[in-house]
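Trainee: starting from these lines, generate the structure:
(one chain, ligands or ions: 2)
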Amino acid sequence: MKQVVIATKNKGKAKDFEAIFKPLNYEVITMLDIANDMEIEETGTTFEENAVLKAETLSKALGKLVIADDSGLEVDALGGEPGVYSARYAGDHDDEANIQKVLVNLEGVPDEKRTARFVCVIAISGPDIKTKTFRGTCEGTILHEKRGSNGFGYDPIFYVPELGKTMAELTPEQKGAISHRGNAIRKLTEELPNVLK
Ligand SMILES: O=c1nc[nH]c2c1ncn2[C@H]1C[C@H](O)[C@@H](COP(=O)(O)OP(=O)(O)OP(=O)(O)O)O1
Ligand SMILES: [Mg+2]
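Mentor: Ligands and ions are numbered 1, 2, ... in the order given. Take a look at the predicted model:
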């Protein structure tokens with residue numbers, strides 16, 4: 001099987017990528033498999049900057065083609081927060097604390113003003129290519145409490161109106177079909193012939 005290397009240590013993202021890449025006959029390899037001791041500091045102020053930073057750092061270290069994902073949740077009533085700081089919103093990579101912080105900050109905000117979107121920027125970098133980025137989004141609203149147990153991160157409070165479910169109530173395949181990550185990867189795969197030439 002062909003392999004695709006993803007510059008992530010997030011197991012939830014890795015599962016999302018597997019649901020998308022397995023049908024394309026790619027095995028997903030992450031930093032947890034091959035570069036667990038490497039830390040890449042996310043010093044950028046945009047998803048694009050951080051995705052490029054992660055992809056280029058790992059690609060240079062391995063001498064291989066690498067894909068990275070920088071992603072997050074933008075809540076309109078919070079001026080776009082937590083945004084690029086989604087993973088660190090309430091401290092250090094604590095999904096439950098991050099969710100509670102969003103819910104507390106949205107207390108008293110009525111349903112019609114709880115609009116939000118997930119954003120995912122995928123960067124691809126390799127020894128013989130110019131680094132490129134692809135942005136995918138997914139629109140939804142923030143519920144008042146958690147629903148569902150699939151997925152990761154903010155999935156249990158992110159409601160997708162078209163499906164009448166939260167992201168955490170979807171299977172990985174259903175999520176991939178509509179998610180910010182799925183949409184970014186579909187843009188990447190459309191462009192892949194141009195990226196690799
Ligand atoms: O589909 C998603 N469903 C729910 N939550 C999500 C999703 N996509 C991103 N998110 C949240 C999780 C984390 O709080 C932040 C990503 O932060 P981000 O730095 O890109 O990822 P990370 O640090 O967890 O892993 P890594 O940098 O090793 O890829 O946005
Ligand atoms: Mg990160």
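Trainee: show me the contacts for the closest residue to Gly182 other than its chain neighbours.
Mentor: What sits nearest to Gly182 in space, not counting adjacent residues and going by C-beta to C-beta, 6 or more residues apart in numbering, is Gly176, at 4.2 Å. (Each C-beta comes from the backbone N, C-alpha and C, glycine too.) By C-beta atoms under 8 Å, 6 or more residues apart in numbering, the residues touching Gly176 are 16, 19-20, 182.
Trainee: this protein against ligand 1: which residues are in contact?
Mentor: 8-10, 13, 42, 69-73, 86-87, 98, 118, 151-155, 167, 179, 181 (C-beta under 6 Å from any ligand atom).
Trainee: mind listing which of these are in helices?
Mentor: 13, 98, 181 (DSSP state H).
Trainee: state the number of residues packed around the nearest residue to the last one once chain neighbours are set aside.
Mentor: Using C-beta to C-beta, 6+ apart and skipping residues adjacent in sequence, the residue nearest Arg181 is Cys120, 4.6 Å away. By the measure other C-beta atoms under 10 Å, the count of residues near Cys120 is 24.
Trainee: likewise for Lys64?
Mentor: Neighbours around Lys64, by other C-beta under 10 Å: 15.
Trainee: follow-up on the earlier one: ligand 1: which of the contacts of Gly176 is nearest?
Mentor: Checking the contacts of Gly176 against ligand 1 by C-beta to the nearest ligand atom gives Asp16 as the nearest, at 6.2 Å.
Trainee: buried residues in the helix or strand hosting that closest one?
Mentor: Assigned by DSSP states H and E, Asp16 belongs to helix 11-21. By neighbour count on 16 or more other C-beta atoms under 10 Å, the buried set for helix 11-21 is 13-21.
Trainee: now the residues you listed in JSON lines, with distance to Val4 and pLDDT?
Mentor: Shown next, in JSON lines, are these (distance: C-beta to C-beta, whole Å; pLDDT from 0 to 100):
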{"residue": "Lys13", "distance to Val4": "13", "pLDDT": "93"}
{"residue": "Ala14", "distance to Val4": "11", "pLDDT": "94"}
{"residue": "Lys15", "distance to Val4": "14", "pLDDT": "92"}
{"residue": "Asp16", "distance to Val4": "13", "pLDDT": "90"}
{"residue": "Phe17", "distance to Val4": "8", "pLDDT": "91"}
{"residue": "Glu18", "distance to Val4": "10", "pLDDT": "92"}
{"residue": "Ala19", "distance to Val4": "13", "pLDDT": "89"}
{"residue": "Ile20", "distance to Val4": "10", "pLDDT": "85"}
{"residue": "Phe21", "distance to Val4": "6", "pLDDT": "85"}
